[in-house]
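Colleague: Dropping the sequence and predicted coords here.
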Amino acid sequence: MTRRALIAGNWKMNMLRAGGEALAAALTSGIKPGASADLLVCPPATLLAPVSAVLADSSVALGAQDCHMNEAGAHTGDISAAMIKDLGAAYVIVGHSERRADHAESDVIVRAKAAAVLAAGLTPIICVGETEAERDAGEAETIVGKQIRGSVPEAAAEDTIVIAYEPVWAIGTGRTPTVDDIAAMHAHMRQVAGNVLGGADKLRLLYGGSVKPGNAVEILALEDVDGALVGGASLKAEDFLAIAAAAP
Ligand code: PGA
């Protein structure tokens, strides 16, 4: 089973309009024809519209970093999956560890958001990952398995969602698990997700946490790693394109 790689850039709370448009333009002109990976950028909500305009007619996809779980209504400051779709986006990241930590998002909330994304006809990228204390305690696989069972919605199928493994201690720290640890975790994730979804051969599993041009080749070569969720290195076109080029 060959799954097409997905290289997703999570810009987080970075970039004003001019910088975001320039970065998106650099990606559209830098992406190689016949590239082996799908490219996706997830700018902050304020830049979805201008970046969407820059990406129009290109093969680079657009995604958001979060959405509300409801379709519409009295939720000041929030945006819905339909609003995101309206701007030309195809993906929404849900349950990123920064949202789980900063906004107390539980598996129940993440699951409801993922269901809202699916209901709008978009693809959720559901994030899971253990803390350093949980890994040290030997609980990483248990925690990630529990997060998958708790965060994947009923309506999900193996080809309608993406799951990203992002160990909390590897995000923005320059530290990564060993390739053996990543391989073991992704194999475990495919098994757990397969039980939940009734199959996981088509499911794309991303690794995220300090992915850089220098470590992308060995990480993306792993059998159960189908792409990367990239934070810091996605803010430089050259680095992000180099990571994309590292996909087998
Ligand atoms: P990082 O972030 O690449 O800067 O570690 C990854 C993420 O949080 O998605």
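Modeller: Structure's in. What do you need? Note that the structure is predicted; figures quoted are calculated from it, not measured. Numbering: from 1, shown residues only.
Colleague: Can you classify the nearest residue to residue 175 once chain neighbours are set aside by secondary structure?
Modeller: Of all residues not flanking residue 175 in the chain, residue 210 sits nearest, at 6.1 Å (Cβ to Cβ, 6 or more residues apart in numbering). (C-beta placed from N, C-alpha, C; glycine too.) Here residue 210 is recorded as coil under DSSP: H, G, I helix; E, B strand; the rest coil.
Colleague: can you count the residues close to residue 210?
Modeller: Burial measure for residue 210: 22 neighbouring residues, criterion other Cβ atoms under 10 Å.
Colleague: likewise residue 206?
Modeller: One way to gauge burial is a neighbour count; for residue 206, by other Cβ under 10 Å, it gives 24.
Colleague: which outside residues touch the host helix or strand of it?
Modeller: If you go by DSSP states H and E, residue 206 is part of strand 204-208. Contacts made with strand 204-208 from outside it, assessed by Cβ atoms under 8 Å, 6 or more residues apart in numbering, are listed as 3-6, 8, 10, 125, 127, 129, 162-166, 170-171, 182, 186, 189-190, 193, 219, 222, 224-231.
Colleague: quick one: which of those sit in strands?
Modeller: With strands taken from DSSP state E, the overlap with the contacts of strand 204-208 comprises 5-6, 8, 10, 125, 127, 162-165, 227-230.
Colleague: Kindly present the residues you listed as a markdown table, with separate columns for distance to residue 98.
Modeller: Formatted as a markdown table, the ones in strands among the contacts of strand 204-208 follow (distance: Cβ to Cβ, whole Å):
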| residue | distance to residue 98 |
| --- | --- |
| 5 | 24 |
| 6 | 20 |
| 8 | 15 |
| 10 | 9 |
| 125 | 14 |
| 127 | 9 |
| 162 | 18 |
| 163 | 17 |
| 164 | 13 |
| 165 | 15 |
| 227 | 20 |
| 228 | 17 |
| 229 | 12 |
| 230 | 14 |
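Colleague: in its sheet, what does the strand holding residue 206 sit against?
Modeller: Listed by DSSP bridges, the sheet partners of strand 204-208 and their directions read strand 162-165 (parallel), strand 227-230 (parallel).
Colleague: quick one: is the last one near the ligand?
Modeller: Looking back up the chat, that one is strand 227-230. Yes. Strand 227-230 comes into contact with the ligand (Cβ under 6 Å from any ligand atom), by way of 229-230.
Colleague: what's the next secondary structure element after that strand?
Modeller: Note on strand 227-230: by DSSP H and E, the next helix or strand toward the C-terminus is helix 237-245.
Colleague: Could I get the pLDDT score of the closest residue to the ligand within the chain?
Modeller: When scored by Cβ to the nearest ligand atom, the chain has residue 231 as its residue closest to the ligand, at 2.2 Å. With respect to pLDDT, residue 231 scores 98.
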